[in-house]
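**Student:** how would this look folded up:
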Amino acid sequence: MSHAQHALEAVNQAFPPSFKSKPLLTRGEELIHHARTVLNENEMLSIEHLDLGQRVTLYLQTVGKFTDALRFAELSVERSRSMNDKEPSMGLEALSELALVHQSQGNYEVCQNITEKVLACRKRTLPCDHPDILASLNNLGLILQKRGKMKEAETVHRDVLEAKKRVLGPRHDSTIKSINNLALALQDQETYTEAEEYFHTAASIRRELYGTCDTATLLSLNNLAVILQLQDRYAEAGRIYSEVCDARTILLGPKNYATLRTRGNMALNILQQEDYTKAEEILTEVLEGLVETLGTNHPETLNARANLANAMHHLDNLWSAERMYREVFEARKKLFGEDHPETRSCKRFADGIRLEIEQQIAEGRHQAD
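**Tutor:** Prediction:
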C-alpha cells in the first residue's frame, strides 16, 4: 500500500460522519487540514475518496465556509464521473451534495435543476419508496419552498413524510427532518397551529435522542421559537431563543451563521415588543457578522438587511429604511426573480415607506435622516 493510500485510510477512518455535537466539530477541525491534503493530492477514484469528500463538504457547510464547500462538492462530482460504471450511485450522491451546497449559497435554480436530474436518474432504477428517492424528493420539496412555491412544497413534504414513517419509522432521523420541513412549509403559508405541533414533535424527539447541545436539536428549537413568535407568544419564544443562542455560541462560535441567525430572531422578538433601539443595535451587529461570514448578497444577509430596515422604520429613520429596502429588493429580484414572495414583500414595504415620507413632506414635518 502506498503512502497516499495509507494517509487516505487513516483520515477516512478518523474523520467524523456528522458534526452534530461539539466533540465532532472539534474532531473535524483537527482533521480538516489532513483531509484537504489527502483529497487534493489524490485522484478521487475510490469509494473512500468520494465518501471523505462528502464529509469534508458537510463539515465546511456546517462551519459556514460555503465557498470551500462548493469547491469540494464540485471536485467530488468531477472525479466521481470516472466511477459511474462501477458505482453509479456514488455519482448521484455527489450531485445531491453539490445541489445542497448551491442551495446554501442561494443558487436556487441551479440546485433545482441538479435535484430534478438526480431524482429522474434514481426513479429509473429504484423502487418509489427507496430511501434515496425519498431523499431526492425531500430535497426537491426544500428547493420548491426556497423558490416560493409553498403549496407544491407542502404536497411533496407530506408525501415524503408518510413514506418515511412507513419505511424508516416515526423516530428515524430522516423522518424527523421531514417533519421539520413540512412544518416550515406550513409556517410559510401561515398555518401556524399545525406547524407548531410538528415543530414540537421534532424538537421533543431530537432532545430525547441527542440532547440539547446538538445542531439538529437546536435547529428544531429555533424553529419552534419562530412559530411561537409568529403567534405573538414573545416570552415563550424569547426563552427558547436565549437557550439556542447560548448553545450555538458554545457549539459553533459567535460568528457562525446559525448563531447569527438566532441572534437576528431574538432581535425581531425584541422589536415586536417595541424595544426598537435595542433591536436595531443587535440587528446591526448580526448584519455585520453575516456580511463577513456569507457575503453581501447571500439570502441570509439580505434577510438581515430587511430586518434592520424594519427596525429603522419603527425608529422613524424613514429615508434610511426605504433606501435599505430598495437595495434588498434589487438584490432579491436578481436572486429570486420579481415574483418571489420575499421580493414582492420588500417592494411593498419600500413603497409604503415612500408614501409615509411624501405625506410628511406634504405636511411640512419631515427631514431626511
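**Student:** Specify the residue ranges that define each domain of this structure.
**Tutor:** 136-252, 275-369 (automatic domain parsing).
**Student:** quick one: contacts of stretch 336-349?
**Tutor:** Stretch 336-349 has contacts (C-beta atoms under 8 Å, 6 or more residues apart in numbering) with 108, 147-148, 150, 306, 309-310, 313, 325, 328-329, 332-333. (Each C-beta comes from the backbone N, C-alpha and C, glycine too.)
**Student:** The same query, at a cut-off of 10 Å, please.
**Tutor:** For stretch 336-349, the surrounding residues in contact (C-beta atoms under 10 Å, 6 or more residues apart in numbering) are 106, 108-109, 146-150, 188, 299, 302-303, 305-306, 309-310, 313, 321-322, 324-335.
**Student:** Check which residues of that stretch are buried.
**Tutor:** Buried residues in stretch 336-349, counted by 16 or more other C-beta atoms under 10 Å: Phe336, His340, Glu342, Thr343, Arg344, Cys346, Lys347, Phe349.
**Student:** Tell me how far the second one lies from Lys347.
**Tutor:** Here the criterion is C-beta to C-beta, to the nearest Å. By it, His340 lies 11 Å from Lys347.
**Student:** before we move on, what about Ala14?
**Tutor:** If you go by C-beta to C-beta, the gap between Ala14 and Lys347 works out to 51 Å.
**Student:** try Leu221
**Tutor:** As judged by C-beta to C-beta, Leu221 and Lys347 stand 33 Å apart.
**Student:** can you check Gln187 too?
**Tutor:** The gap separating Gln187 from Lys347 is 22 Å, by C-beta to C-beta.
**Student:** ok, now which ones touch the residue nearest the centre of the chain?
**Tutor:** Residue closest to the average C-alpha location in the chain (C-alpha atoms, centre = their mean): Ser104, at 5.8 Å. Applying C-beta under 10 Å, 6+ apart, we find Ser104 in contact with Gln61, Gly64, Phe66, Ala69, Leu70, Cys111, Tyr257, Leu294, His298, Pro299, Glu300.
**Student:** so who does the third one touch?
**Tutor:** The one in question is Phe66. Leu60, Val101, His102, Ser104, Gln105, Gly106, Tyr257, Thr293, Leu294, Gly295, His298.
**Student:** Check what pLDDT the last one gets.
**Tutor:** Right, the one you point to is His298. Model confidence at His298, given as pLDDT, is 84.
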